[in-house]
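> need coordinates for the following:
(one chain, ligands or ions: 1)
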Amino acid sequence: MTLRAVVTGVGHYLPERVVPNAEFEKTLDTSDEWIRARSGIENRHFAGEGDSTSSMAVAAATAALADAGRTAQDVDAIIVATSTADLTFPSSATMVQAGLGMTTGFAFDVQAVCAGFVYALANANALIASGQAKRVLVIGSETFSRIMDWTDRGTCVLFGDGAGALLLEAQEGTGTPADRGILATDLNSDGRHKDLLYVDGGSSTGTTGYLRMQGNQVFRHAVEKLAATAQTAMDRAGVTAEDVDWIVPHQANIRIIQGTAKKMNISMDRVVVTVQDHGNTSAASIPLALSVGKQRGQIKQGDLLVTEAIGGGLAWGAVVLRW
Ligand code: ACO
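Just a heads-up that it's a prediction; the model follows:
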């Protein structure tokens, strides 16, 4: 018998305010045309006064629990992937635990920037496989609009806010790739590249800081590392590119998404793309794409999915799962 972490519910939350590219033309030397052509982004959502990383996470988790027909009392653990926690501590996850009215179990954050959701899924899978938890809420939630330097056109036009959540439940599988649930994971990081993408604040400065990125340098690493980690995870799962129904990539840039799909020999009609509507929502982008992909009727039970992401660290990884 193999214990599998199976997705039984999915949900998301997007703040009300939609910001089109044109809005940046008023304050920056940029254009809708440049942003679309270089990134594929058309709109993004920005958190309103009442929104926080934890409140958006609670909303997404509530939707995922409803989708699964479960309540918060059924959950053993909460993992929130975020780099924009409401406070330095306590964790966003404990705030979500309280927000959901959960008084048992345990909760913690995972910080791997844009790769955070993939890291969180791998952690949830390990908790379930080891018998530590039977039901785990895995949430990606970010308020990157609050760490933007609004004078830096190379970064502030790219990011957005939002949250997505999955409920994973332990189910017995056969140990073959035909099982539902997480089939394989692959995680990597290389701290030598810390200066390519970072926030210039924290305990060393006493400030929150702003995101700094050498976008073209990150780009150079992205396609190769994403295709390689996806291949490693597929090899571990015992599946090939032909078996894959959907790639659900981190939504940073349409050119990275297209380049990775091409390298994986998978056509774009098998890729869930939401970057045009959400921008880069960091750790929230994959669960948002999973939730929207299901709503659109793209992702169906039994489909074989590959998720892949890269972000600050650099940190990157992939998860193969059968929906
Ligand atoms: N409007 C107009 N021009 C701009 C803008 C803008 N908003 N931003 C930059 N430019 C200019 C640059 O100044 C540069 O001008 P120059 O040639 O006169 O110097 C020119 O456009 C080209 O800039 P590049 O940075 O080389 O453009 P590139 O094609 O690489 O696109 C982008 C930039 C969209 C940032 C891309 O590099 C990218 O998506 N990188 C990867 C981002 C990523 O995946 N990050 C990881 C996840 S994020 C995380 O972990 C938090």
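> near the ligand, which residues of the stretch 51-200 of the chain? Just list them.
Neighbours of the ligand within the stretch 51-200 of the chain, by Cβ under 6 Å from any ligand atom: 113-114, 153-154, 157-158, 197. For glycine as for every other residue, the C-beta is placed from the backbone atoms N, C-alpha and C.
> how close does residue 272 get to residue 3?
27 Å (Cβ to Cβ, to the nearest Å).
> so for the two, which residue has more residues nearby?
Neighbours per residue, other Cβ atoms under 10 Å: of residue 272 and residue 3, the larger number sits with residue 272, 22 against 17.
> please name the residues that touch the nearest residue to the more buried one once chain neighbours are set aside.
Distances taken as Cβ to Cβ, 6 or more residues apart in numbering put residue 293 closest to residue 272, at 4.0 Å, once the chain neighbours are dropped. The contact partners of residue 293, by Cβ atoms under 8 Å, 6 or more residues apart in numbering, come to 246, 248, 272, 274, 299.
> okay, now the unreliable bits of the protein?
By pLDDT under 70, the chain has no low-scoring segment.
> what strand or helix carries the residue nearest to residue 42 when sequence neighbours are not counted?
Among residues not flanking residue 42 along the chain, residue 276 sits closest, at 4.6 Å (Cβ to Cβ, 6+ apart). Taking DSSP states H and E as the criterion, residue 276 maps to helix 275-278.
> next helix or strand past that helix?
Next along the chain after helix 275-278, taking DSSP H and E as the criterion, comes helix 285-295.
> can that following helix be found next to the ligand?
No - judged by Cβ under 6 Å from any ligand atom, helix 285-295 and the ligand are separated, with a smallest distance of 9.0 Å.
> which residues of the stretch 201-323 of the chain fall in strands?
Listed in chain order, the strands found in the stretch 201-323 of the chain under DSSP state E, counting those that start in this stretch are 211-213, 246-249, 304-311, 315-322.
> quick one: closest of the ones you listed to residue 135.
Nearest to residue 135 among the strands of the stretch 201-323 of the chain is strand 315-322 (16.1 Å), distances taken as Cβ to Cβ.
> the closest one - contacts with which helices or strands?
Based on contacts counted as 3 or more Cβ pairs under 8 Å, 6 or more residues apart in numbering; DSSP states H and E, the elements that strand 315-322 packs against are helix 116-129, strand 181-189, helix 215-237, strand 304-311.
> relative to strand 304-311, how tilted is it?
Strand 315-322 and strand 304-311 are oriented at 170 degrees to each other (axes from the mean of the first three to the mean of the last three Cα atoms, to 10 degrees).
> Provide the strand pairings for strand 315-322, with the direction of each partner.
Using DSSP bridges, the strands paired with strand 315-322 are strand 181-189 (antiparallel), strand 304-311 (antiparallel).
> which positions within it qualify as buried?
Going by neighbour count (16 or more other Cβ atoms under 10 Å), the buried part of strand 315-322 is 315-322.
> about what we covered before: out of the strands of the stretch 201-323 of the chain, the one nearest the ligand is which?
Counting by Cβ to the nearest ligand atom, the ligand lies closest to strand 304-311 out of the strands of the stretch 201-323 of the chain; the figure is 2.5 Å.
> could I get that closest one in PDB with only the CA atoms?
What follows is strand 304-311, C-alpha atoms only, in PDB (Å, rounded to 0.1, in the frame of the first residue of the first chain):
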ATOM      1  CA  LEU A 304      -1.900  14.100 -15.100                       C
ATOM      2  CA  LEU A 305      -0.400  17.500 -14.100                       C
ATOM      3  CA  VAL A 306       3.100  18.800 -13.900                       C
ATOM      4  CA  THR A 307       3.600  22.000 -11.900                       C
ATOM      5  CA  GLU A 308       7.000  23.800 -12.000                       C
ATOM      6  CA  ALA A 309       8.300  27.100 -10.500                       C
ATOM      7  CA  ILE A 310      11.500  29.100 -10.000                       C
ATOM      8  CA  GLY A 311      12.000  32.200  -7.900                       C
END
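> picking that back up, out of the strands paired with strand 315-322, which is closest to residue 44?
Of all the strands paired with strand 315-322, the one in closest proximity to residue 44, counting by Cβ to Cβ, is strand 304-311 (16.8 Å).
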